[in-house]
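A.B. asks: I need the structure of the sequence given here:
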Amino acid sequence: MSSDDAHKAELKERFAEEKFDKSYEELSTKEKRQVAGYMGAEIKKEKAEAEEGAHSPRSPRARRSGSGGSPHGGAHASADELRAHLGERKEEVALEKYHKHYEDLDTHEKRSIRRASS
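C.D. replies: Sure, this is the predicted structure:
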């Protein structure tokens, strides 16, 4: 048995025990499929960490904690920041195009602004 096969067998038993409190052999077909999904996600995560580790000096713990990037953790802006930016942009375009605030526009004008600002 290769180390890869041994690792998969270990994951299989670990997830069966963690998720269902049974050995893998005792699981139903549906439960075995769920375990396979957990295994796939875990293996994918391990591969991504290994690839990222080859290119990045940061530890797996630092990557998970999101140190670096935005102040909210992670490398991307939060949804609230993006919504705020789009709201500002809508207001900006409304003033430029119609010389009105966004809230004062009629439906047709708002639609044209939404298309222009996104």
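
A.B. asks: Would you map the helices across this protein?
C.D. replies: Using DSSP state H, the helices of the chain run over 3-20, 29-55, 60-65, 79-98, 107-117.

A.B. asks: List the neighbours of stretch 10-24 that are in contact with it.
C.D. replies: Residues from elsewhere that reach stretch 10-24 (Cβ atoms under 8 Å, 6 or more residues apart in numbering): 26-27, 31-32, 34-35, 38-39, 42-43. Just so you know, the C-beta spots here come from the backbone N, C-alpha and C atoms, and that holds for glycine as well.

A.B. asks: let me fix that: stretch 90-105
C.D. replies: Contacts to stretch 90-105, defined as Cβ under 8 Å, 6+ apart, come from residues 87, 109-110, 112-114, 116-117.

A.B. asks: who wins for neighbours among those?
C.D. replies: Within those, most neighbours by other Cβ atoms under 10 Å means residue 113, with 21 neighbours.

A.B. asks: any chance of the helices of the chain in TSV, plus mean pLDDT?
C.D. replies: Below are the helices of the chain laid out as TSV (pLDDT from 0 to 100):
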stretch	mean pLDDT
helix 3-20	90
helix 29-55	86
helix 60-65	54
helix 79-98	84
helix 107-117	81
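
A.B. asks: Distance check, residue 9 against residue 98.
C.D. replies: Distance of residue 9 to residue 98, given as Cβ to Cβ, to the nearest Å: 66 Å.

A.B. asks: cool, and residue 25?
C.D. replies: 69 Å.

A.B. asks: Likewise for residue 35?
C.D. replies: Distance from residue 35 to residue 98, by Cβ to Cβ: 58 Å.

A.B. asks: Give me the more crowded residue out of those two.
C.D. replies: Each of residue 35 and residue 98 has its neighbours counted (other Cβ under 10 Å); residue 35 has more, 23 against 16.

A.B. asks: what about the residue nearest to that one when sequence neighbours are not counted, how many neighbours?
C.D. replies: Closest residue in space to residue 35, ignoring its immediate chain neighbours: residue 15 at 4.7 Å, by Cβ to Cβ, 6 or more residues apart in numbering. Neighbourhood size, residue 15 [other Cβ under 10 Å]: 21.
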